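Trainee: Next one to model:
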Amino acid sequence: MSLEITNVSKRFGRFPALNDVSLFAEDGEFLALLGPSGSGKTTLMRIIAGLESPDAGKVAFRGEDLLAKAVRDRRIGFVFQHYALFRHMTAAQNVAFGMHVKRRLDQWPLAARNKSPTYARPLTNKEIKNRVEELLALVQLEGLGGRYPSQLSGGQRQRVALARALAIEPSILLLDEPFGALDAKVRRGLRRWLRDLHEHTGLTTIFVTHDQDEALELADRIAILRDGRIEQIGTPEQLYREPASGFVFDFLGDTVQLPCSVNGGIALIEGFGAPIVGDIPSDGPAIAYLRPDEFDVATGDGPGIKARVRSIILAGHDARVDCRLDNDDHVELRVPLDQAVRLSPRERLRLLPRHARAWRERAEARPVDARESALTRSVSA
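Mentor: Numbering: from 1, shown residues only. Sure thing, here's the model as predicted:
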């Protein structure tokens, strides 16, 4: 086991940012911390890095107590959402910065460090220059080392920040929403590149995000946080196929939530029965959870949830069909394009859910805690 977090708690005044959190990451694993703002993701990462101290709990790396070490001795690379590059330094100087600082620390006091069995000879200027060139090539920025941050695109600046984090040869790499300041197209392009880079370096990597698509695409495992607690941990496939709660189901993708009544493993929604998959709650009132593409639609008389088409938005191979149910609820479905083109606004429909999951409580958007938001902004500044 590489990184082990045990029963970690942290409060800011009366606000519990983390509440008895335990998780681990294996050597070389890419672990994503996923959750809404205020769930404790950034606080947990700051504790690992040494920027915050927990009120209780343990953090160990390869059997060593990280909490007993100074920040500079933890060998942790940290990449912030807004890059945190030095604007007066070139890309190459930014990457070299940590190596120059480490060299000064290694040289003072030199006699004491020479007696240490873990002492490593400080790098020479030539070795630092060569290392910078290697890292810029690794992050695909050859020839751009002389540019200042203002002369680089957002994606290029994020790569410089990542190269700087790698320059100190960290044992753990922490990425705090590294794509949060980039546009959607650049984010998509960098995801695959980051995964390839992770496989090349083999570093234990902790990745904080509130974007479920990023987590599902990049991570070996995902820990979903909610209100300072771990809601569920597993592989992307496990979480998507076997969500432990309505919150997890809702957070991992577009969701339709409808009141239902559970009766013998069937969710009765507006009188129409859909078989329940996953854990089946006891009979009684509940909330049915479905993905927007888990409905068949039909016209004319017959069984189904009665609805009327409000609007149709064609998008690629499918379409988004916004419907108003007879009970005034609104649902947005994803329908194959060839079927959607035969529908028209205000047309009456029957919605036929193929199956559903059911939980007692409705998943609601989590409020953003002001303290957690302020912490996130301060880390990113």
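
Trainee: Would you confirm that residue 171 contacts residue 203?
Mentor: Yes - look at residue 171 against residue 203 with C-beta atoms under 8 Å: they come within range, at 7.4 Å. Where C-beta positions appear, they are placed from N, C-alpha and C, glycine not excepted.

Trainee: quick one, which of the two is more surrounded?
Mentor: residue 203 (21 against 17; other C-beta atoms under 10 Å).

Trainee: Touching, that one and residue 26? I think so.
Mentor: No - using C-beta under 8 Å, residue 203 makes no contact with residue 26, being 11.9 Å away.

Trainee: Number of residues surrounding residue 226?
Mentor: Neighbour tally, residue 226, other C-beta under 10 Å: 20.

Trainee: got it, and residue 18?
Mentor: Residues lying near residue 18 (other C-beta under 10 Å) number 28.

Trainee: For it, grab phi and psi.
Mentor: Phi and psi for residue 18, reported as degrees, to the nearest 10, are phi -140, psi 140.

Trainee: repeat for the one 3 residues further on
Mentor: Residue 21 adopts backbone torsions of phi -90, psi 130, taken as degrees, to the nearest 10.

Trainee: Leaving out chain neighbours, which residue sits closest to it?
Mentor: residue 8 (4.8 Å; C-beta to C-beta, 6 or more residues apart in numbering).

Trainee: does that neighbour sit in a helix, a strand or a coil?
Mentor: strand (DSSP: H, G, I helix; E, B strand; the rest coil).

Trainee: Show the contacting residues for it.
Mentor: Residue 8 makes contacts with 18, 20-22, 44, 47, 54, 56-59, as judged by C-beta atoms under 8 Å, 6 or more residues apart in numbering.

Trainee: go with 10 Å
Mentor: By C-beta atoms under 10 Å, 6 or more residues apart in numbering, the residues touching residue 8 are 18-23, 40, 43-44, 47-48, 54-59, 67, 228.

Trainee: got it, and residue 89?
Mentor: 95-97, 148-149, 160.

Trainee: my guess is residue 345 contacts residue 322, does it?
Mentor: Yes - between residue 345 and residue 322 there is a contact under C-beta atoms under 10 Å: 9.3 Å.

Trainee: shared neighbours of the two, which are they?
Mentor: Contacts common to residue 345 and residue 322, judged by C-beta under 10 Å, 6+ apart, are 309-312.

Trainee: Between these, identify the one with the most neighbours.
Mentor: residue 309 (20 neighbours).

Trainee: now the helices for the stretch 101-250 of the chain?
Mentor: For the stretch 101-250 of the chain, applying DSSP state H, counting those that start in this stretch gives helices covering 110-114, 125-138, 154-167, 184-201, 212-218, 236-241, 246-251.

Trainee: Please produce CSV containing those, extended by mean neighbour count and mean pLDDT.
Mentor: Formatted as CSV, these follow (neighbours: other C-beta atoms under 10 Å; pLDDT from 0 to 100):
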stretch, mean neighbour count, mean pLDDT
helix 110-114, 10, 46
helix 125-138, 16, 91
helix 154-167, 24, 89
helix 184-201, 15, 83
helix 212-218, 20, 91
helix 236-241, 16, 93
helix 246-251, 22, 95
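
Trainee: want to try a markdown table for these, with distance to residue 74 as columns?
Mentor: Listed next are the helices of the stretch 101-250 of the chain as a markdown table, based on distance: least, C-beta to C-beta, whole Å:
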| stretch | distance to residue 74 |
| --- | --- |
| helix 110-114 | 18 |
| helix 125-138 | 20 |
| helix 154-167 | 13 |
| helix 184-201 | 17 |
| helix 212-218 | 23 |
| helix 236-241 | 28 |
| helix 246-251 | 31 |
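
Trainee: For this protein, name the helix or strand with the lowest mean pLDDT.
Mentor: helix 370-380 (a mean of 36; mean pLDDT, DSSP states H and E).

Trainee: okay, residue 345 and residue 322: which has more neighbours?
Mentor: The residue with more neighbours, out of residue 345 and residue 322, is residue 322; 15 against 11, by other C-beta under 10 Å.

Trainee: Looking at strand pairing, list the partners for that one.
Mentor: residue 311, residue 332 (DSSP bridges).

Trainee: Can you verify my assumption that it contacts residue 311?
Mentor: Yes - between residue 322 and residue 311 there is a contact under C-beta under 10 Å: 4.6 Å.

Trainee: Read off the pLDDT value for the residue nearest to residue 21.
Mentor: On pLDDT, residue 8 comes in at 98.

Trainee: For the contacts of residue 89, pick the one with the most neighbours.
Mentor: Among those, the one with the most neighbours (other C-beta under 10 Å) is residue 95, at 30 neighbours.

Trainee: Give me the buried positions along the helix or strand harbouring residue 46.
Mentor: If you go by DSSP states H and E, residue 46 is part of helix 41-49. Residues of helix 41-49 classed as buried by neighbour count (16 or more other C-beta atoms under 10 Å): 41-49.

Trainee: Go through these and name the one nearest residue 317.
Mentor: Proximity of the buried residues of helix 41-49 to residue 317 (C-beta to C-beta) peaks at residue 41, which lies at 33.6 Å.

Trainee: wait, isn't that closest one in contact with residue 31?
Mentor: No - here residue 41 lies out of contact with residue 31, judged by C-beta under 10 Å, at a distance of 11.6 Å.

Trainee: Common neighbours of these two, please.
Mentor: Common neighbours of residue 41 and residue 31, counting by C-beta under 10 Å, 6+ apart, are 206-207, 223.

Trainee: is it possible to export those residues to a markdown table including distance to residue 214 and neighbour count?
Mentor: Shown next, in a markdown table, are the shared contacts of residue 41 and residue 31 (distance: C-beta to C-beta, whole Å; neighbours: other C-beta atoms under 10 Å):
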| residue | distance to residue 214 | neighbour count |
| --- | --- | --- |
| 206 | 14 | 28 |
| 207 | 8 | 26 |
| 223 | 14 | 25 |
